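J.: Here is a sequence with its predicted model. Questions after.
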Amino acid sequence: MTISERIFEKIESLGMTQREFAARTGIKPSTISEWKKNKTNPSSEKIMPICEALDVTPDWLLSGIDGAAGRETCMEYYTVKKDTEMGRLIAYYNLLQPAFRERVMGYVEAFSALDEKGQKKD
């Protein structure tokens, strides 16, 4: 199944119209119609708005594999929106010098070893 086929299948399963999908994504209705008519796929910069509008992961959209549905192998990467807490954390981390990155990782590892009472986990 192609990316565009997954998009249209998901739009239909959500009971969404193509016009509503266009409004949610900011993609021109004519572009969406072209995907359907010519059986072409969206360009890469449209992937995240599509995922948000359809409430799917990029993994699912690109491959049809739902990582949240008990996939047997763990993904070796994360997809994170820049304007989320995690996105901001990554952006700040990337600004740090290597020595400070090591210190941050040390703190994170130490905190993750604590239970909710602040005591070391057994």
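T.: Right, received. Where do you want to start? Computed from a prediction, not measured in an experiment: that's the story for all the values here.

J.: Look up the closest residue to residue 18, ignoring the ones flanking it.
T.: Nearest residue to residue 18, sequence neighbours excluded (Cβ to Cβ, 6 or more residues apart in numbering): residue 32, at 5.4 Å. Every C-beta, even on glycine, is put in place using the N, C-alpha and C of the backbone.

J.: Would you check that the one you found makes contact with residue 21?
T.: Yes - between residue 32 and residue 21 there is a contact at 6.5 Å, judged by Cβ atoms under 8 Å.

J.: returning to that earlier point: tell me which element the residue nearest to residue 18 is part of?
T.: helix 29-38 (DSSP states H and E).

J.: And the contacts of the helix or strand following that helix?
T.: For helix 29-38, the succeeding helix or strand toward the C-terminus, using DSSP H and E, is helix 47-54. Residues outside helix 47-54 that contact it (Cβ atoms under 8 Å, 6 or more residues apart in numbering): 7, 10-11, 14, 21, 24-27, 42, 56-58, 61-62, 81.
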